[in-house]
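Q: structure, please.
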Amino acid sequence: MDIIGRISEINELSRIMESPTSEFVMVYGRRRVGKTYLIREYFANDFAFYATGIAQGSLQEQLLNFKMTLAAADPSLPITNIRNWFEAFDALKRLLEKSKFRKKVVFLDELPWMDTPRSNFIKALEHFWNTWASARNDVILIVCGSAASWMVKNIVKNHGGLHNRLTCKIKLNPFTLAECKSYLHSLGIRWENRMIVECYMILGGIPYYLRMLDKRLSLAQNVDRLFFSDSALLQDEFVNLYASLFKNSSEYVRIIEVLAKKKAGFTRDEIRLQLKLNDGGSFTRRLEELEQCGFIRKYKSAGEVAAMYQLVDFYSLFYFQFQKKERGYDTDTWMHLTGTPAYYNWCGLSFEKLCLVHLPQVKQALGISGVSTNSFVYYSKEAQIDLVIERGDNVVNLCEMKFADDEYVITKAYSEKLKQKVAVLRTFYKHRKTIQLTLIASNGVKRNEYFYSLVQQDLSLDIFL
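A: This next block holds a predicted model:
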């Protein structure tokens, strides 16, 4: 296997292969995150049956594709005209009954595309699993799809014959920064850490995007090539990405565009009012689907009643900050943007998000991996704190994240702001907990009088790599 990272997922697939019963496995996650690659690499394409749905295909096209895949898997199998999904799964059952595989792995990729309107696809899948596959001990049914919302609604939260039938659920997340570095090394790209961090803040840990990088070029040259040249490979990616996942995708993009305006995000009502939408179930569903697909996160700020929604997809943030605003095409666009106020504002915002998505690494670096914690954002009129780690040992880490080209310098003015934040948090906890000020700075923090008098712990980007 040539797989970077994905250790827990590989361990789970290994367990499934040795299971004494049949297994029904769902793999889901953001588009381009590497779901198909993981399954194909782990099983070395050694499937009893592997079919993938056709984007925007009709029922007849989906069935024809399924039939042709069955014929390719076993040319001796007598297959008559397949008129519906019940007949398609019955033919699959006959194929598997003849199979010599010890474990009969069935991989159905892009499952949402197979489920065309009024096709009874889900009912036929239910019937196949409940009446035949689940009664055996040698079938591994793996279903996969990028439309995470469809997967959750129709498979996880199914109220019909598939209710509670899943035996394993694997949500594939983007690479961590360390995995991103390993993946880049496998591609022959050996940039220094600062450049890898900037790459991550642009592309996120999405293997599909990372694979497009040219090892002969610098990061800045690659960004211009991918986003801003007249033949940019990712020129239309944003539109295609959301259109491939959601019907009426423009409504989802409008939500993302609103959330891109404010780093902390907005409440549900604030988003709705900005979009001038009526309060209804369709708006709630869109928020839930964007969250399930990994584009936004829902969180609660301490002391606040209403939950907040925040954009966490690095690529989408980069698109609204830069790509959408650049109307013309210039091979040196990113080089010209680097170093501008807009660039450093984006760096600070993206670095905060990078720290939030790497919270386990932050906890490990603080030496509290084994301590129970509760992490949240604190916003009030008196102070705004991007990350509070409330620990089970009666200690609270007040975390500040700062991006800088060199060591971050705490000035007198900033030290006063830090004192105010510590005081506000002490009042919030009614002086019952110890507050530790923790600075996470991209290149560390310069030791000066303010550092020694205020900061208990400081971390650099090295903890992520």
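
Q: drop to CA atoms for contacts and neighbour counts, all remaining ones
A: OK.

Q: what sits against A124?
A: Taking CA atoms under 8 Å, 6 or more residues apart in numbering as the criterion, A124 is in contact with 85-86, 89.

Q: so which of the residues you listed wins on neighbours?
A: When neighbours are counted by other CA atoms under 10 Å, W85 leads the contacts of A124 with 23 neighbours.

Q: still on that earlier bit, sort out for me which of the contacts of A124 are in helices.
A: 85-86, 89 (DSSP state H).

Q: could you point out the helix or strand that follows the helix or strand of the chain with the lowest mean pLDDT?
A: Every helix and strand in the chain was compared by mean pLDDT, DSSP states H and E; the lowest is strand 301-302, with a mean of 74. Following strand 301-302 in sequence order, the next helix or strand is strand 308-311 (DSSP states H and E).

Q: paired strands for the least confident helix or strand of the chain, with orientation please.
A: If you go by DSSP bridges, strand 301-302 pairs up with strand 373-379 (parallel).

Q: can you tell me what sits against the partner strand?
A: By CA under 8 Å, 6+ apart, strand 373-379 touches 299-303, 384-392.

Q: can you give me the mean pLDDT across that strand?
A: Averaging pLDDT along strand 373-379 yields 86.

Q: kindly report the same for stretch 414-431.
A: 94.

Q: can you give me how far that stretch is from the chain middle?
A: 33 Å (CA atoms, centre = their mean, to the nearest Å).

Q: ditto for stretch 390-410
A: Distance of stretch 390-410 from the chain centroid (CA atoms, centre = their mean) equals 25 Å.

Q: may I see the buried residues of that stretch?
A: By neighbour count with 16 or more other CA atoms under 10 Å, stretch 390-410 contains the buried residues 390-391, 396-404, 407-410.

Q: same thing with stretch 424-431?
A: For stretch 424-431, by 16+ other CA under 10 Å, it's 424-426.

Q: got these as JSON lines, with distance to K123 columns?
A: JSON lines is the format used below for the buried residues of stretch 424-431 (distance: CA to CA, whole Å):
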{"residue": "V424", "distance to K123": "56"}
{"residue": "L425", "distance to K123": "54"}
{"residue": "R426", "distance to K123": "56"}
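
Q: on that earlier part again, any of the contacts of strand 373-379 buried? List them.
A: 299-301, 385-391.

Q: who's in contact with R15?
A: Per CA under 8 Å, 6+ apart, neighbours of R15: none.

Q: F175: what secondary structure?
A: coil (DSSP: H, G, I helix; E, B strand; the rest coil).

Q: what about it, how many neighbours?
A: Neighbour number of F175 under other CA under 10 Å is 21.

Q: how about N65?
A: Under the criterion other CA under 10 Å, the count of neighbours that N65 has is 17.

Q: from S282, how far out is it?
A: 33 Å (CA to CA, to the nearest Å).

Q: the helices in the stretch 301-450 of the chain, which residues?
A: Assignment of helices within the stretch 301-450 of the chain using DSSP state H, counting those that start in this stretch yields the ranges 314-318, 333-337, 341-357, 359-365, 412-428, 449-454.

Q: with the stretch 151-300 of the chain instead?
A: Under DSSP H, counting those that start in this stretch, the stretch 151-300 of the chain gives helices at 177-186, 193-203, 207-210, 219-223, 237-245, 249-259, 268-275, 281-292.

Q: quick one: mean pLDDT for the shortest one?
A: Along helix 207-210, the predicted local confidence has a mean pLDDT of 95.

Q: can you list the buried residues in that helix?
A: 207, 209-210.

Q: quick check: Y28 touching M151?
A: Yes: using CA atoms under 8 Å, Y28 is in contact with M151, at 7.2 Å.

Q: out of these two, which sits in the busier spot?
A: Neighbour count, other CA under 10 Å: between Y28 and M151, Y28 has more, with 28 against 23.

Q: run through the bridge partners of that one.
A: Applying DSSP bridges, one finds that Y28 bridges with G145, K171.

Q: show me what contacts the closest residue to K104 other than its chain neighbours?
A: Distance criterion CA to CA, 6 or more residues apart in numbering; nearest residue to K104, sequence neighbours excluded, is V139 at 4.8 Å. V139 is in contact with 21-23, 103-106, 133, counting by CA under 8 Å, 6+ apart.

Q: can I get the residues you listed in a markdown table with distance to F227?
A: As requested, the contacts of V139 are exported to a markdown table (distance: CA to CA, whole Å):
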| residue | distance to F227 |
| --- | --- |
| T21 | 48 |
| S22 | 45 |
| E23 | 42 |
| K103 | 44 |
| K104 | 43 |
| V105 | 39 |
| V106 | 38 |
| A133 | 47 |
